[in-house]
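**Student:** Test case, fold it:
(one chain, ligands or ions: 2)
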Amino acid sequence: MDRVLLRAEQIKQRVHELAEEIGKLYEGEPSGLTIVPILSGSIIFLADLIREMPMPRMRIALVQISSYGQRATPGETKTLINLTGDIRGRHVLIVDDILDSGGTLRRVQSMLSAHKPASIRTAVLLRKPAKAPSDLKVDFIGFDIEDLFVVGYGLDYAGLYRNYPHIGVLKAGMMG
Ligand code: 5GP
Ligand code: MG
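**Tutor:** Numbering: from 1, shown residues only. Ligands and ions are numbered 1, 2, ... in the order given. As a prediction, the model looks like this:
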């Protein structure tokens, strides 16, 4: 790793805060909450987040989105796995690892809206303010970061480094 931007302990603390905030919002909601993580980058964030949210009526439905390759036009996406659960009339929280150009979240938000949920909110662990479009609605943000390609805590480079516990920037030689 060239540089660690966020250490595991820092991430843990922030995830705890987010879980409290989100938990309070849906507290007492009789129909509960359906979490829709965007695979695969969100899995570590998801696992830590939901275990800090003591919510009896929580469900999970999955989607998988991918960009059209490593150096694709920003915002270009395709759906690899369609929504795996029924969200009609349910409160939905989309969970993703990082908001970059916003293409992924835009696609998922519009995909899910078509299923007529009771509400849709979005939580991302990271946001790159330099790139994120201002008209895209995101309700919970863990950290704003510089416009750098980061890995770890679920985020990959060519499928690798998802299990690295911190979030950091790879050494130049380690990328392509
Ligand atoms: P967007 O569609 O917002 O441009 O990009 C979002 C998706 O691209 C994220 O869900 C993530 O999979 C990937 N992505 C964007 N920036 C980074 C980054 O810095 N590192 C990694 N590993 N993936 C990123
Ligand atoms: Mg992703």
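**Student:** At the contact with ligand 1, which residues of the chain appear?
**Tutor:** The chain comes close to ligand 1 at residues 38, 41, 67, 74, 96-104, 149-151, 155-157, as judged by Cβ under 6 Å from any ligand atom. All C-beta spots, glycine's among them, are computed from the backbone N, C-alpha and C.
**Student:** In this structure, where is pLDDT below threshold?
**Tutor:** Flagging of the chain using pLDDT under 70 yields the residue ranges 68-75, 176.
**Student:** Could you pull out the helices in it for me?
**Tutor:** For the chain, applying DSSP state H gives helices covering 8-26, 43-51, 103-113.
**Student:** any chance of those helices in CSV, plus mean neighbour count?
**Tutor:** Shown next, in CSV, are the helices of the chain (neighbours: other Cβ atoms under 10 Å):
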stretch, mean neighbour count
helix 8-26, 16
helix 43-51, 19
helix 103-113, 18
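**Student:** Among these, which comes closest to residue 84?
**Tutor:** helix 103-113 (12.1 Å; Cβ to Cβ).
**Student:** Does the closest one pack against any helices or strands, and if so which?
**Tutor:** Packing contacts for helix 103-113, counted by 3 or more Cβ pairs under 8 Å, 6 or more residues apart in numbering; DSSP states H and E, involve strand 33-39, strand 63-67, strand 77-81, strand 91-99, strand 119-127.
**Student:** Would you reformat those strands as JSON lines and include mean neighbour count?
**Tutor:** Converted to JSON lines, those look like this (neighbours: other Cβ under 10 Å):
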{"stretch": "strand 33-39", "mean neighbour count": "23"}
{"stretch": "strand 63-67", "mean neighbour count": "18"}
{"stretch": "strand 77-81", "mean neighbour count": "13"}
{"stretch": "strand 91-99", "mean neighbour count": "24"}
{"stretch": "strand 119-127", "mean neighbour count": "21"}
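**Student:** out of the ones you listed, nearest to residue 20?
**Tutor:** The nearest among the helices and strands packed on helix 103-113, by Cβ to Cβ, is strand 119-127 at 12.5 Å.
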